[in-house]
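K.L.:
Take this sequence and fold it.
(chains A and B)
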Amino acid sequence: DAGVIQSPRHEVTEMGQEVTLRCKPISGHDYLFWYRQTMMRGLELLIYFNNNVPIDDSGMPEDRFSAKMPNASFSTLKIQPSEPRDSAVYFCASSSSGGVNEQYFGPGTRLTVT
Amino acid sequence: GEDVEQSLFLSVREGDSSVINCTYTDSSSTYLYWYKQEPGAGLQLLTYIFSNMDMKQDQRLTVLLNKKDKHLSLRIADTQTGDSAIYFCAESRNGGSQGNLIFGKGTKLSVKP
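P.N.:
Coordinates of the predicted model:
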């Protein structure tokens, strides 16, 4: 398996623009997580899905952030409009029910909003 | 408190042992984890311990769990420069049910030659 795939790896955009981050989880995994990592705040859970249904979105900073999972193999995190304080590395992770609950992380998308 | 807590930095010399400490909050967590993040990469599970154990050893890694104090530690023997990374402690809340893990802020380990 190729692991969790994220695109793009790097995104530079201007304040006010819409940004869409993409994630393909590991095939067969039924949980998908979106995290944000910054130096100041560390690793923050934004939202997670189980079987494509959002379970907990309490970490989503504000209405400018939205996430969807239209099917088991694809999820998006959208920021509209983007602001400089959204600059961070965004990680997608997936896991499977049962076992030790290991989360597999993608390589991340480094977002810079100027 | 509500957070998983760990110190932010640790510096050791190559060949020494490293000990990274963590305190967690949910006494019902089924598993506790150590994840490793190398520069420019995502987190990767390094090791985990089941809550009914108090120690787990895996080659150079030793995990100690003190449930009474909710304290978890990771010892790396014979630390190498390749061990330089950020190490995250994590717990599974909600009685260990599937889903959310709560991560600490990470301890950056620097290994000096």
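K.L.:
got the residue ranges for the strands in the chain?
P.N.:
With no chain named, the answer covers chain A. A:5-7, A:10-13, A:19-24, A:31-38, A:42-50, A:53-56, A:65-71, A:74-79, A:88-95, A:104-105, A:109-113 (DSSP state E).
K.L.:
hmm, I had chain B in mind actually
P.N.:
Taking DSSP E as the criterion, chain B carries its strands at B:5-6, B:9-13, B:18-23, B:31-37, B:43-50, B:55-58, B:61-66, B:71-76, B:85-92, B:101-103, B:107-112.
K.L.:
show me the contacts for B:K36.
P.N.:
By C-beta atoms under 8 Å, 6 or more residues apart in numbering or on different chains, the residues touching B:K36 are B:L43, B:Q44, B:L46, B:A85, B:I86, B:Y87, B:F88. All C-beta atoms are positioned from the backbone trio N, CA, C, and that covers glycine.
K.L.:
what's the closest non-adjacent residue to whatever residue of chain B ends up closest to chain A?
P.N.:
Among the residues of chain B, B:G42 lies closest to chain A, at 3.1 Å counting by C-beta to the nearest C-beta. Here the nearest residue to B:G42 in space, its sequence neighbours aside, is A:F105; by C-beta to C-beta, 6 or more residues apart in numbering or on different chains that works out to 3.1 Å.
K.L.:
How about the residues of chain B by chain A?
P.N.:
Proximity of chain B to chain A, by C-beta under 8 Å from any C-beta of the partner chain, involves residues B:30-31, B:33, B:40-45, B:48, B:88, B:92, B:96, B:98-101, B:103-106.
K.L.:
pLDDT below threshold where in chain B?
P.N.:
Flagging of chain B using pLDDT under 70 yields the residue ranges B:1-2, B:94-99.
K.L.:
Could you check how far the residue nearest in space to the middle of chain A is from A:S94?
P.N.:
What sits nearest the mean C-alpha location of chain A, by C-alpha atoms, centre = their mean, is A:W34, with 3.1 Å. When C-beta to C-beta, to the nearest Å is applied, the distance between A:W34 and A:S94 equals 11 Å.
K.L.:
Which parts of stretch B:42-52 count as buried, going by neighbours?
P.N.:
For stretch B:42-52, a neighbour-count test (16 or more other C-beta atoms under 10 Å in any protein chain shown) marks B:G42, B:L43, B:L45, B:L46, B:T47, B:Y48, B:I49, B:S51 as buried.
K.L.:
List the beta-bridge partners for B:Y48.
P.N.:
Taking DSSP bridges, one finds B:Y33 as the beta-bridge partners of B:Y48.
K.L.:
ok and the residue in chain A nearest chain B?
P.N.:
When C-beta to the nearest C-beta is the measure, chain A has its nearest residue to chain B at A:F105, with 3.1 Å between them.
K.L.:
I'd assumed B:F88 was in contact with that residue.
P.N.:
No - with contact defined as C-beta atoms under 8 Å, A:F105 does not reach B:F88; the gap is 10.5 Å.
K.L.:
contacting residues for the residue of chain B closest to chain A?
P.N.:
The contact partners of B:G42, by C-beta under 8 Å, 6+ apart, come to A:V4, A:F91, A:A93, A:F105, A:G106, A:P107, A:G108.
K.L.:
B:Y87 too?
P.N.:
For B:Y87, the set of contacting residues under the criterion of C-beta under 8 Å, 6+ apart consists of B:Q6, B:I20, B:W34, B:Y35, B:K36, B:Q37, B:L46, B:L74, B:G106, B:T107, B:L109.
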